[in-house]
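Engineer: Fold the following.
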Amino acid sequence: MEQGQVGAGQPITVKARPQECFALIGAGPMGLAMAKTLIEQGVPFQGFELADDVGGLWNIDAPRSTMYETAHLISSKRMTEFADFPMRDETAEYPSHREMKSYFQDFANAFDLYRHFLFGAEVLNTKPLQDGGWEITWRDKTGAQHTQTFAGLLIANGTLSEPNMPAFEGQFSGELIHASEYRYPTQFTGKRVLVIGAGNSGCDIAVDAIHHGVSCDLSMRRGYYFVPKYVFGVPADTMGGKIRLPMWLKRKIDGLILKWFVGDPQKYGFPKPDYALYESHPVVNSLILFHAGHGDLQVRPDVARLDGNTVHFQDGSLADYDMILAATGYKLHYPFIDKELLNWKGDAPHLYLNCMHPDRDDLFVLGMIEATGLGWQGRHEQAEMVARYIAGLRTGNAAANSIRDAKSKGYKRATGGMHYIDLPRMAYYVDKATYRKQVTDQIAALKAAKG
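Structural biologist: Numbering: from 1, shown residues only. So this is what the prediction gives:
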């Protein structure tokens with residue numbers, strides 16, 4: 001499907017009612033969901049997107065995309081898609097980034113979203129005004145700067161664009177890169193590779209290095225639970241993924257399935273997880289254990305120091321490498337807004353239902369949410385709640401006023417009693433069932449209330 005009117009001029013919403021118009025930053029999956037629900041609720045907005053098309057990180061050509069050529073969705077299409085815009089039957093069960101970009105282009109066209117965004121627009125600064133509203137400054141694709149006042153700010157620029165690069169003791173004389181700089185498997189040709197970090201991207205990239213490099217080792221600080229992409233011939237996340245079970249029972253059943261289909265990763269040298277299943281995101285990969293079992297991959301402990309081409313590990317072992325790739329994740333990054341305005345606590349903004357500012361009704365952060373199996377429908381629900389809330393405040397909706405009161409009193413993250421491991425990337429992690437129930441309950445209340 002061809003893209004829409006990329007780079008189109010100013011949407012009529014800005015000119016018609018600037019005092020009511022919100023600024024929306026980002027045209028990735030979350031930004032598109034937010035745009036769609038704002039339109040449905042009659043809330044005017046102006047979208048800004050740094051790239052020249054929709055898709056966010058799934059647009060591999062975008063300036064800040066961290067996508068790589070061999071990347072595929074790690075959840076199956078039916079457990080990930082927007083409920084009112086299913087992926088085509090011919091789409092692979094685990095689509096590639098190219099299929100995903102096309103899906104988001106189709107989504108944007110289907111709901112007429114392109115005309116609401118300025119593409120090639122980099123938001124440089126946002127600041128609240130004393131008398132209400134926000135002053136937004138951006139640079140367009142010609143380099144010209146613009147400043148305009150908006151009623152509010154919706155941030156949906158994603159969570160996976162700013163590399164979290166660790167500091168290593170010593171110096172490495174080979175090539176040292178972050179996973180965000182990885183694009184093509186040919187980058188590994190003729191090289192002895194060390195991948196640091198065994199999350200989903202780290203394991204995906206390690207498989208590429210096994211196939212295209214001279215050798216590949218994988219350095220791990222802690223153990224992970226490995227989930228195969230298929231069990232009993234169907235995508236693993238479709239087995240019970242739509243049925244809510246008590247966590248103790250889900251762990252028992254899923255643990256048994258992993259024992260049957262994965263076995264014990266420790267026999268391949270992987271460390272044992274020091275946390276319970278689902279207290280961190282599992283690694284969904286069917287190939288990494290296969291290669292470890294075939295001797296194609298050596299598992300290493302954490303790095304102690306670097307010395308030339310030699311890497312010294314915490315257990316006293318050492319090995320020489322030509323390339324180190326740090327698959328060490330990403331950190332939240334909102335460079336266009338003062339950090340203090342986001343009610344930042346610890347490693348992430350502390351927001352009601354992970355998106356609503358406790359004291360402001362004109363500032364929202366969308367997509368700062370992670371949960372096993374949440375999918376884009378869970379994020380669409382977040383967007384719908386926010387859109388209905390904004391619209392409800394303008395019409396005197398009683399449920400919107402109740403949400404305003406509730407968010408001002410503080411909020412405990414929707415963990416569902418889970419004790420997530422203490423890592424920056426887990427600072428905004430939630431339990432899917434708990435979070436979705438809280439959000440959909442608010443949507444139902446906003447629909448039912450008068451005003």
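
Engineer: Using the record's assignment, carve the chain into domains.
Structural biologist: Domains of the chain are assigned by automatic domain parsing as 12-161+330-448, 165-326.

Engineer: Looking at these, which one is packed in the most?
Structural biologist: domain 12-161+330-448 (a mean of 19; mean count of other C-beta atoms under 10 Å). Backbone N, C-alpha and C define where each C-beta goes, glycine included.

Engineer: Tell me the spatial nearest neighbour of R78, not counting adjacent residues.
Structural biologist: Spatial nearest neighbour of R78, chain neighbours left out: T238 (6.5 Å); criterion: C-beta to C-beta, 6 or more residues apart in numbering.

Engineer: again, but for G170
Structural biologist: Nearest residue to G170, sequence neighbours excluded (C-beta to C-beta, 6+ apart): L306, at 3.8 Å.

Engineer: what's the answer for I288, then?
Structural biologist: Using C-beta to C-beta, 6+ apart, the nearest residue to I288 is C203, at 4.3 Å.

Engineer: one step back: next, the residue nearest to R78: phi, psi?
Structural biologist: Here is the backbone geometry of T238 (degrees, to the nearest 10): phi -90, psi -10.

Engineer: wait, isn't the residue nearest to G170 in contact with P166?
Structural biologist: No: applying C-beta atoms under 8 Å, one finds L306 not in contact with P166, separated by 11.3 Å.

Engineer: Please name the residues that touch the residue nearest to R78.
Structural biologist: S76, R78, M79 (C-beta atoms under 8 Å, 6 or more residues apart in numbering).

Engineer: follow-up on the earlier one: and the residue nearest to G170, what are its bridge partners?
Structural biologist: G170, V311 (DSSP bridges).

Engineer: Can you give me the pLDDT of it?
Structural biologist: For L306, the model assigns a pLDDT of 99.

Engineer: And it, how close does it get to Q171?
Structural biologist: 6 Å (C-beta to C-beta, to the nearest Å).

Engineer: hey, C-alpha coordinates of the biggest helix by length in the chain in CSV?
Structural biologist: If you go by DSSP state H, the chain has its longest helix at helix 375-395. C-alpha atoms of helix 375-395 as CSV (Å, rounded to 0.1, in the frame of the first residue of the first chain):
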residue,chain,number,x,y,z
GLY,A,375,0.2,-5.8,22.2
TRP,A,376,-0.9,-2.6,20.4
GLN,A,377,-4.5,-3.1,21.4
GLY,A,378,-3.5,-2.5,25.0
ARG,A,379,-1.8,0.7,23.9
HIS,A,380,-4.8,1.7,21.8
GLU,A,381,-6.9,1.4,25.0
GLN,A,382,-4.5,3.8,26.7
ALA,A,383,-4.9,6.3,23.9
GLU,A,384,-8.7,6.0,23.9
MET,A,385,-8.8,6.6,27.6
VAL,A,386,-6.7,9.8,27.2
ALA,A,387,-8.7,11.0,24.3
ARG,A,388,-12.0,10.5,26.1
TYR,A,389,-10.6,12.1,29.2
ILE,A,390,-9.5,15.3,27.3
ALA,A,391,-12.9,15.4,25.5
GLY,A,392,-14.7,14.7,28.8
LEU,A,393,-13.1,17.6,30.7
ARG,A,394,-14.3,19.9,28.0
THR,A,395,-17.9,18.7,28.3
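
Engineer: What is the helix or strand following it packed up against?
Structural biologist: Heading C-terminal from helix 375-395, the first helix or strand you meet, by DSSP states H and E, is helix 398-407. In terms of contacts (3 or more C-beta pairs under 8 Å, 6 or more residues apart in numbering; DSSP states H and E), helix 398-407 is packed against helix 375-395, helix 432-448.

Engineer: thinking again about what came up before, mean confidence for the longest helix of the chain?
Structural biologist: 98.

Engineer: Check which helices and strands that helix sits against.
Structural biologist: By 3+ C-beta pairs under 8 Å, 6+ apart, helix 375-395 packs against helix 29-40, helix 398-407, helix 432-448.

Engineer: Mind putting these into CSV with distance to G56?
Structural biologist: Shown next, in CSV, are those (distance: least, C-beta to C-beta, whole Å):
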stretch, distance to G56
helix 29-40, 6
helix 398-407, 27
helix 432-448, 21
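
Engineer: Nearest to Y230, out of these?
Structural biologist: Y230 lies closest, by C-beta to C-beta, to one member of these: helix 432-448, at 21.0 Å.

Engineer: In PDB, list the C-alpha atoms belonging to that closest one.
Structural biologist: Only the C-alpha atoms of helix 432-448 are listed here, as PDB (Å, rounded to 0.1, in the frame of the first residue of the first chain):
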ATOM      1  CA  LYS A 432      -1.100  -6.900  31.400                       C
ATOM      2  CA  ALA A 433      -4.400  -8.100  32.900                       C
ATOM      3  CA  THR A 434      -4.300  -5.600  35.800                       C
ATOM      4  CA  TYR A 435      -3.400  -2.700  33.700                       C
ATOM      5  CA  ARG A 436      -5.900  -3.300  30.900                       C
ATOM      6  CA  LYS A 437      -8.700  -3.800  33.400                       C
ATOM      7  CA  GLN A 438      -7.900  -0.500  35.100                       C
ATOM      8  CA  VAL A 439      -7.800   1.300  31.700                       C
ATOM      9  CA  THR A 440     -10.900  -0.300  30.200                       C
ATOM     10  CA  ASP A 441     -12.800   0.400  33.400                       C
ATOM     11  CA  GLN A 442     -12.000   4.100  33.000                       C
ATOM     12  CA  ILE A 443     -13.100   4.000  29.400                       C
ATOM     13  CA  ALA A 444     -16.400   2.400  30.300                       C
ATOM     14  CA  ALA A 445     -17.000   5.000  33.000                       C
ATOM     15  CA  LEU A 446     -16.200   7.800  30.600                       C
ATOM     16  CA  LYS A 447     -18.600   6.300  28.100                       C
ATOM     17  CA  ALA A 448     -21.400   5.900  30.600                       C
END
